[in-house]
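[1] return atomic coordinates for the entry below.
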Amino acid sequence: CAIASKDVLTLTWWPLARDCSYYTLSLSVVALFFKGITPQEIHWWEALILFLMYFGYVFLMKHSESLRLWVDARLGTTVEPLDKKNSAEEAEEKLNVT
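    Numbers count the residues shown, from 1 in each chain. Presented below is the predicted three-dimensional model:
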């Protein structure tokens, strides 16, 4: 995405935190199934739960922006929607400072 982008991309903490949190949850569930509940096996119902967790991730991605705003409100941070044109111009100005 970044290679093909014509504008400067502004990155925030949110995508990394969101994806790492869900990845950690998913690996924890796999470990619980594989080592705890049914050692050395994954049964069909465990696979079904893991498969449904994938759709949970898709749902999370669909509602990512509203979830980010909710998390920001709980953390007490204020985040305004990005104006792509202005943020790109600001980033270019920062890079061109000599």
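[2] nearest spatial neighbour of I42, chain-adjacent residues omitted?
    Leaving aside its chain neighbours, I42 sits nearest to F33 (5.9 Å; criterion: CB to CB, 6 or more residues apart in numbering). In short, each C-beta sits where N, CA and C put it, glycine included.
[3] now T38
    Nearest non-adjacent residue to T38, counting by CB to CB, 6+ apart: E46, 6.9 Å away.
[4] and the strands in the protein?
    Assigned strands in the chain: none (criterion: DSSP state E).
[5] any low-confidence regions in it?
    Scanning the chain for pLDDT under 70 picks out 1-2, 78-98.
[6] try 80 this time
    1-5, 9-11, 77-98 (pLDDT under 80).
[7] what's next to stretch 51-65, contact-wise?
    With contact meaning CB atoms under 8 Å, 6 or more residues apart in numbering, stretch 51-65 is reached by W14, R18, Y22, L25, S26, V29, L67.
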